[in-house]
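Asks: Turn this into a structure:
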Amino acid sequence: MLVLLAAAVAILLAAVMWFWSGSRVASEAEATTTETIDLYFPAEQGWVAAESHQIADLPEAGNERAQRVVEALVSGPTGTEFYAPLPAGTLVDGVFVNPDGTCIVELVSETYANPPQMGSRQEVELFASLLRSLKTNVPEVEQVVVLWNGRQPESFGGHLDTTRPLNLDPAWGTSP
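Replies: Residues are numbered from 1 along each chain as shown. Next up, the predicted model:
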């Protein structure tokens, strides 16, 4: 009798554990969400234009959301009418949003000790891509500081002063 009772308890316990683990896996699968965001890339027709990207489990706000947006931007566009704002091999080391709305973007490159040479248009497109993508997708971002290999360069292409936070200039409009 004691053996039958122990066997019944073991079977009941196994059934409860099986059911609980199955429902937990199902709820974890349901927890995955995908959000469609607009990233702004330099476009062949000029300036920057939006391209929609889907990102899984994107936080609603904060450092992690900002980092995931910048990582998606640095990964480059999927369409052929756009091009990447940064050279291949550029990585995102960290992205931090301060309480005052200043977003610090830390980029690293083994290929380039300093930001790669670029013309005025490429420099404006780079910062327009970063600023517009961040401001569109991370509402608390007001301005951006970009570091390259751990330091803040005076300029990325010699045309914009990057020693202070940059705001999105309305003159850096998007393509129609």
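Asks: Can you show me the strands along this structure?
Replies: Here the chain has its strands, by DSSP state E, at 34-42, 48-56, 91-97, 102-108, 143-148.
Asks: Adding mean neighbour count, mean pLDDT and distance to A84, write these out as TSV.
Replies: C-betas here are computed from N, CA, C, even on glycine. Output for the strands of the chain, formatted as TSV (neighbours: other C-beta atoms under 10 Å; pLDDT from 0 to 100; distance: least, C-beta to C-beta, whole Å):
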stretch	mean neighbour count	mean pLDDT	distance to A84
strand 34-42	19	95	7
strand 48-56	16	94	11
strand 91-97	17	97	13
strand 102-108	20	96	13
strand 143-148	20	95	15
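Asks: can you list the weak-confidence ranges in the protein?
Replies: Low-confidence segments of the chain (pLDDT under 70): 1-10, 12-31, 169-176.
Asks: in it, which spans are helices?
Replies: Taking DSSP state H as the test, the helices found in the chain are 2-31, 62-75, 120-137.
Asks: dump the residue contacts of the residue nearest the centre of the chain.
Replies: The residue lying closest to the centre of the chain (C-alpha atoms, centre = their mean) is V69, at 1.9 Å. Residues counted as contacts of V69 (C-beta atoms under 8 Å, 6 or more residues apart in numbering) are I37, L39, I55, V95, S133, L134, N137, V138.
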